[in-house]
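**Q** how does the following fold in three dimensions:
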Amino acid sequence: METFYNKWSKTQLSDPRYIQKLEWKGKNLATLIQRNNLDINSIAEIGGGVGAVISTVRELLNIENADNYELTDFFIKEGQKRYKHIHFIKKDLLKEDIDNDYDMIILSDIIEHFEDDIRIIKKALQHSQYVVLKIPIEKFLFTRFFEFIGMIDEIGVDHSAGHLHRYSVSSVWNLFKGVDVEIIDFFFDRRNPNEDIYYKRKQLNFVQKVYRKFKFLFFLSLHNKQYCKIFGGSLFILLKNKGLYG
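**A** Numbering: from 1, shown residues only. Below you'll find the model as predicted:
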C-alpha cells in the first residue's frame, strides 16, 4: 500500500490545481468548526498528505498545535518544505496507534481508503473530543451508467485513487451507527474535487463535457443534498465524542 501511495502522491502534486482543491476542503471543514463556536487548541489529521488541509484549518482558526499523520515519504518531504508549522508524523495507522490526544482530528477524503472504514473513525474518536470529516459522495444516480460505459473506475484495489468504498447520500449514515457520537453539524456540497481522479483521464473529453453542461444547465436550482443524490458531491460533517475519548 505504501508503494502505491508514494507513486500516487507524485501524480497529485503534478496537478497545478491540487493544492487549491485541498485548501477548499480545509475552508469548508473550518466553517463547520467556526459556526459551532468550538474551542480548539490542538488538531491532527490522519492521512493529510502534503498538509494543505490541516494548514488551512490551522490558519483560519489560529490553532498552535497541528500534527499530520502521513504514510507516504514524498508527501512528507514536500509538506515539510511548504508548511513549516505542521508537524509531520510518519505512521501506518493500520498497524500503529495515534501518538497523542487532540481537541479535534480531521478525516478528509481518507476513510474510503481503509477497508475497515468504521475502525479508523473509532480510532480517531479514541484520541479526540471532536472529529470532522470530508466524505466524497461517489455513489449516485448515474454511477452504474458510467461504470457500464467504462468512464469511472470500479471500487477496489485497482481503483486509480485507492478507494475501497463508494458512499451514497443514504449509505454514508451507516458509518455512524454503533459509534457513540453526536452529530453536531453537517452540510452537503455539490463539488467533489476527486471527480478528476475517478473519471478516467483518457476519457476527459466530449462525453464528460456534455455531462457537465447538462448538470449545470438543468440542475443548478436543486438543493445540494438532492444534487448529490443525482450527480455526487461531498459531505462535510462534525462529530462529538460521547464515550470513547479519555
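
**Q** which helix in this structure runs the most residues?
**A** The longest helix of the chain (DSSP state H) is helix 18-34.

**Q** please save the CA atoms from it in CSV.
**A** Output in CSV follows, covering the C-alpha atoms of helix 18-34 (Å, rounded to 0.1, in the frame of the first residue of the first chain):
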residue,chain,number,x,y,z
TYR,A,18,-4.2,20.1,-6.4
ILE,A,19,-3.3,22.5,-3.5
GLN,A,20,-6.3,24.7,-4.4
LYS,A,21,-8.6,21.7,-4.0
LEU,A,22,-7.1,20.8,-0.6
GLU,A,23,-7.4,24.4,0.6
TRP,A,24,-11.1,24.3,-0.5
LYS,A,25,-11.6,21.3,1.7
GLY,A,26,-9.8,23.0,4.6
LYS,A,27,-12.0,26.1,4.4
ASN,A,28,-15.2,24.0,4.5
LEU,A,29,-14.0,22.0,7.4
ALA,A,30,-13.1,25.2,9.3
THR,A,31,-16.6,26.6,8.5
LEU,A,32,-18.1,23.7,10.5
ILE,A,33,-15.9,24.5,13.5
GLN,A,34,-16.4,28.2,13.3
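
**Q** mind listing what the helix or strand following that helix pairs with, with the direction of each?
**A** Elements were assigned by DSSP states H and E; along the chain past helix 18-34, the next helix or strand is strand 42-46. Partners of strand 42-46 in the sheet, by DSSP bridges, are strand 65-70 (parallel), strand 102-108 (parallel).

**Q** got any ranges where this structure has weak pLDDT?
**A** Scanning the chain for pLDDT under 70 picks out the ranges 1-10, 149-153, 156-157, 160, 193-209, 211-212, 215-219, 244-246.

**Q** at the geometric centre of it, which residue do we find?
**A** residue 109 (1.6 Å; CA atoms, centre = their mean).

**Q** from residue 25, how far out is that one?
**A** Applying CB to CB, to the nearest Å, the value for residue 109 to residue 25 is 7 Å. Glycine gets a C-beta too; all of them are placed from N, C-alpha and C.

**Q** what's the distance between residue 27 and residue 134?
**A** Distance from residue 27 to residue 134, by CB to CB: 11 Å.

**Q** cool, and residue 81?
**A** 24 Å.

**Q** more neighbours, the two?
**A** Comparing residue 81 with residue 134 by other CB atoms under 10 Å, the one with more neighbours is residue 134, at 24 against 9.

**Q** give me phi/psi at residue 88?
**A** Main-chain dihedrals, residue 88, degrees, to the nearest 10: phi -90, psi 130.

**Q** same question, residue 82
**A** Backbone torsions of residue 82, given as degrees, to the nearest 10, read phi -90, psi -40.

**Q** residue 130 sits in which helix or strand?
**A** Judged by DSSP H and E, residue 130 forms part of strand 128-137.

**Q** angle of that strand against helix 18-34?
**A** Interaxial angle, strand 128-137 versus helix 18-34 (axes from the mean of the first three to the mean of the last three CA atoms, to 10 degrees): 130 degrees.

**Q** go through the strands paired with strand 42-46 and name the closest to residue 45.
**A** In terms of CB to CB, the element of the strands paired with strand 42-46 nearest to residue 45 is strand 102-108, at 4.0 Å.

**Q** tell me the first helix or strand C-terminal of that closest one.
**A** From strand 102-108 onward toward the C-terminus, using DSSP H and E, the following helix or strand is helix 117-125.

**Q** now that next one against strand 102-108, angle please.
**A** Following the same axes, to 10 degrees, one obtains 150 degrees for the angle between helix 117-125 and strand 102-108.
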